[in-house]
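In: Let me see the structure of the following:
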Amino acid sequence: VLPEIINGLVKSAHIGIGRDGEKCKHSLTYLVSSDEILMILVGKICEDLCVIIGVEKLKESILINIVPEIIETAKSGDSLAFLHSCLILLNKCLACGLHLVLDHGIISAEGTTLGGDDGIAIAYMLALLDSTDIPHPPLECVFTVDEEIGMLGAAALDMSVLKGKKLLNIDSEEEGHLLVSCAGGASVTVHFPIHRRGAQGDRYLINISGLKGGHSGVEIDKCRANADHLLGRLLKELLLFDDSMRVITVRGGLKDNAIPVSSEAAIITKRGNELSSKIDDFLDILKNEYGETDPDINIKLTKVTDISSKSIYPLDEAENLSFIMAYSSFPNGIRSMSQDIEGLVETSLNLGIMDTFSNEITMTFSVRSSVKKKKDALIEEIITIAKSAGATFEIKGDYPAWEYKHDSVLRDIMTSEYEAMYEKEMIVEAIHAGVECGLFANAIDGLDAISFGPDMLDIHTPKERLYVDSAARTWEYIKRVLIRLCK
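Out: Numbering: from 1, shown residues only. Here you go, the predicted model:
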């Protein structure tokens with residue numbers, strides 16, 4: 001987790017951490033052009049870190065006591081020492097832990113995501129393992145990593161050691177709902193190679209913000225705006241209006257399975273004084289399109305006056321054109337609805353991560369479908385567009401759909417116990433989001449699996465919250481089900 005957090009923070013400060021040391025060291029050369037710039041950038045890392053892990057009150061202490069050390073290591077050009085100093089900063093902040101807030105029976109974390117998805121399942125399983133008085137059949141408690149970025153832990157797990165044939169997957173966020181099927185998916189990362197060349201004009205920063213975001217599986221049906229996708233549309237509009245406009249950097253999103261709430265592009269243009277009205281017109285279009293789902297959507301245009309920014313050249317003219325045309329052509333959101341289950345999204349994609357390095361721009365898409373052929377076709381569509389601009393690609397975290405099991409003893413037990421405890425029927429459903437049950441069901445012959453959990457809202461966002469009463473009821477429900485499974 002630590003390298004991922006540091007990588008994200010360094011990216012947010014416009015320091016390109018690449019896949020090799022040379023690229024990283026080359027990027028650090030830009031960073032150390034002056035102590036003033038360096039202080040600003042490292043300060044940005046500290047601010048982002050404090051906000052992300054909910055310790056914003058420590059910001060002043062961190063800037064006074066730790067930043068000087070980070071600056072010295074960055075000035076040396078030693079990328080490993082620089083990252084090590086950042087890790088020291090991170091560890092000092094993490095020692096403070098989450099600042100939990102309990103308000104009217106709802107628990108959340110101050111300034112960051114709670115991690116109830118899926119920390120609550122870990123809590124339930126540890127409580128069972130720790131207990132000596134809860135009746136249950138023999139249990140195998142499985143803890144996996146990297147579920148949110150492609151189920152990489154479950155995909156790498158040697159499931160041949162598992163003996164159980166019934167799987168209780170505590171990874172759903174709505175009490176009283178029993179999940180019995182889900183979509184398959186994959187992550188597709190596109191790499192646009194870029195060459196930079198000097199250009200005349202003024203530099204501007206375009207920022208799209210105010211979007212609601214959300215989970216790209218659970219909430220894709222809400223048709224919310226994707227900040228990365230909107231930026232591509234805007235850049236195309238600006239290029240058609242002003243052919244002198246060239247891209248310097250594009251950035252947006254941190255997870256491929258989260259709908260980005262903001263994005264930004266640094267550009268250079270000779271007609272900067274004419275862009276504001278064009279952007280205002282585009283914003284009016286977006287407000288008309290997303291007035292219900294994203295009423296606070298906003299676009300800000302800021303002229304960059306920092307002379308140091310001129311050390312990074314924009315894309316050359318040909319690549320600028322091919323990149324923007326490809327970027328703006330990528331599909332987004334819902335592609336088709338299920339013909340079998342009313343209201344269920346069948347196929348979709350989400351551009352969740354976008355970043356710029358010294359010699360490439362990367363974009364990572366989360367692709368989902370309950371029909372394998374349609375998933376493969378959508379991946380091929382992304383690849384075809386990418387190749388049109390000379391880009392390469394890689395596919396990771398490919399996981400199968402979890403098919404509905406018509407004859408399920410476990411589903412019958414779960415629904416009957418729920419009805420006895422709550423005195424109402426349980427809702428049995430399929431979802432478009434991916435869960436690990438598909439991987440387990442494909443690896444373990446005859447596996448009977450379901451997924452459930454307590455009430456949680458706005459997972460994967462700083463607004464995430466868990467209803468304590470629901471978590472307590474779900475705990476009692478789990479114990480009832482385990483007793484039934486003993487028989």
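In: And the average pLDDT for stretch 292-303 is what?
Out: The pLDDT scores in stretch 292-303 average 96.
In: how about low-confidence regions in this structure?
Out: Filtered on pLDDT under 70, the chain yields the residue ranges 1-97, 307-309.
In: So which elements touch the longest strand along it?
Out: Looking across the chain with DSSP state E, the single longest strand is strand 345-356. Applying 3 or more Cβ pairs under 8 Å, 6 or more residues apart in numbering; DSSP states H and E, one finds that strand 345-356 contacts helix 227-241, strand 246-254, strand 258-259, strand 333-337, strand 360-369, helix 372-388. All C-beta spots, glycine's among them, are computed from the backbone N, C-alpha and C.
In: Alpha carbons of stretch 442-456, as PDB, please.
Out: C-alpha atoms of stretch 442-456 as PDB (Å, rounded to 0.1, in the frame of the first residue of the first chain):
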ATOM      1  CA  ASN A 442     -14.600 -20.800 -11.500                       C
ATOM      2  CA  ALA A 443     -11.700 -22.400  -9.500                       C
ATOM      3  CA  ILE A 444     -13.700 -24.500  -7.000                       C
ATOM      4  CA  ASP A 445     -16.000 -27.100  -8.600                       C
ATOM      5  CA  GLY A 446     -19.500 -27.100  -7.100                       C
ATOM      6  CA  LEU A 447     -19.000 -24.000  -5.000                       C
ATOM      7  CA  ASP A 448     -22.200 -22.400  -3.600                       C
ATOM      8  CA  ALA A 449     -21.600 -18.700  -3.100                       C
ATOM      9  CA  ILE A 450     -23.400 -15.600  -2.000                       C
ATOM     10  CA  SER A 451     -22.400 -12.000  -1.100                       C
ATOM     11  CA  PHE A 452     -24.000  -9.700   1.500                       C
ATOM     12  CA  GLY A 453     -23.100  -7.100   4.100                       C
ATOM     13  CA  PRO A 454     -24.300  -4.100   6.200                       C
ATOM     14  CA  ASP A 455     -25.400  -0.700   5.000                       C
ATOM     15  CA  MET A 456     -22.600   1.500   3.700                       C
END
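In: For it, list every residue counted as buried.
Out: Neighbour-count burial for stretch 442-456 flags 442-444, 447-456 (criterion: 16 or more other Cβ atoms under 10 Å).
In: cool, and stretch 286-298?
Out: For stretch 286-298, by 16+ other Cβ under 10 Å, it's Leu286, Tyr290, Asp294, Ile297.
In: Between the two ends of that stretch, how far is it?
Out: 9 Å (Cα to Cα, to the nearest Å).
In: could you pull out the helices for the stretch 101-250 of the chain?
Out: Under the criterion DSSP state H, counting those that start in this stretch, helices of the stretch 101-250 of the chain are mapped to 116-130, 152-156, 227-241.
In: which helices and strands does the shortest one pack with?
Out: Packing partners of helix 152-156 (3+ Cβ pairs under 8 Å, 6+ apart): strand 392-399, helix 437-443.
In: now that helix, how far from the centre of its chain.
Out: Remark: helix 152-156 is offset 18 Å from the chain centroid, using Cα atoms, centre = their mean, to the nearest Å.
In: ok, back up a step: tell me the angle the longest strand of the chain makes with helix 372-388.
Out: 30 degrees (axes from the mean of the first three to the mean of the last three Cα atoms, to 10 degrees).
In: Let me see the backbone angles for Gly343.
Out: The phi and psi torsions at Gly343 (degrees, to the nearest 10) take the values phi 80, psi 0.
In: mind checking how far it is from Glu292?
Out: Here Gly343 is placed at a distance of 18 Å from Glu292 (Cβ to Cβ, to the nearest Å).
In: Can you lay out the helices and strands packed on strand 345-356 as a markdown table showing mean neighbour count?
Out: Formatted as a markdown table, those follow (neighbours: other Cβ atoms under 10 Å):
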| stretch | mean neighbour count |
| --- | --- |
| helix 227-241 | 21 |
| strand 246-254 | 23 |
| strand 258-259 | 26 |
| strand 333-337 | 17 |
| strand 360-369 | 24 |
| helix 372-388 | 16 |
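In: Adding distance to Ile149, write these out as CSV.
Out: CSV is the format used below for the helices and strands packed on strand 345-356 (distance: least, Cβ to Cβ, whole Å):
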stretch, distance to Ile149
helix 227-241, 16
strand 246-254, 10
strand 258-259, 10
strand 333-337, 20
strand 360-369, 9
helix 372-388, 17
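In: Of all those, which one comes closest to His136?
Out: Within those, the stretch nearest His136 is strand 360-369; the backing value is 33.9 Å (Cβ to Cβ).
In: Quick check: Glu174 touching Asp455?
Out: Yes. Using Cβ atoms under 8 Å, Glu174 is in contact with Asp455, at 6.2 Å.
In: re earlier: please narrow the buried residues of stretch 442-456 to those residing in strands.
Out: Counting by DSSP E, the buried residues of stretch 442-456 contribute Asp448, Ala449, Ile450, Ser451, Met456 to strands.
In: Run a quick neighbour tally on the nearest residue to the last one once chain neighbours are set aside.
Out: Pointing back at Met456 there. Nearest residue to Met456 in three dimensions, chain neighbours excluded: Glu173, at 4.1 Å (Cβ to Cβ, 6 or more residues apart in numbering). Neighbourhood size, Glu173 [other Cβ atoms under 10 Å]: 24.
In: what's Glu173 in contact with, if anything?
Out: Neighbour list for Glu173: Asp117, Val218, Gly453, Pro454, Asp455, Met456, Leu457, Ile459 [criterion: Cβ atoms under 8 Å, 6 or more residues apart in numbering].
In: switch to 7 Å and redo it
Out: Asp117, Gly453, Asp455, Met456, Ile459 (Cβ atoms under 7 Å, 6 or more residues apart in numbering).
In: Would you tell me which one of these comes nearest to Val468?
Out: Nearest to Val468, judged by Cβ to Cβ, of those is Asp455 at 9.6 Å.
In: Quick check: that closest one touching Ser470?
Out: Yes. Counting by Cβ atoms under 7 Å, Asp455 does reach Ser470; the two are 3.9 Å apart.
In: Identify the contacts common to these two.
Out: What both Asp455 and Ser470 touch, as defined by Cβ under 7 Å, 6+ apart, is the set Glu175.
In: which one of the helices and strands packed on helix 152-156 is the most hemmed in?
Out: helix 437-443 (a mean of 20; mean count of other Cβ atoms under 10 Å).
In: what's in contact with it?
Out: Contacts for helix 437-443 (Cβ under 7 Å, 6+ apart): 151, 154-155, 159, 167, 169, 182, 184, 399-402, 447, 449, 451.
In: please redo it, this time with the cut-off set to 10 Å
Out: Helix 437-443 has contacts (Cβ atoms under 10 Å, 6 or more residues apart in numbering) with 142, 144, 151, 153-160, 162, 164, 167, 169, 171, 179-185, 370, 399-403, 405, 447-451.
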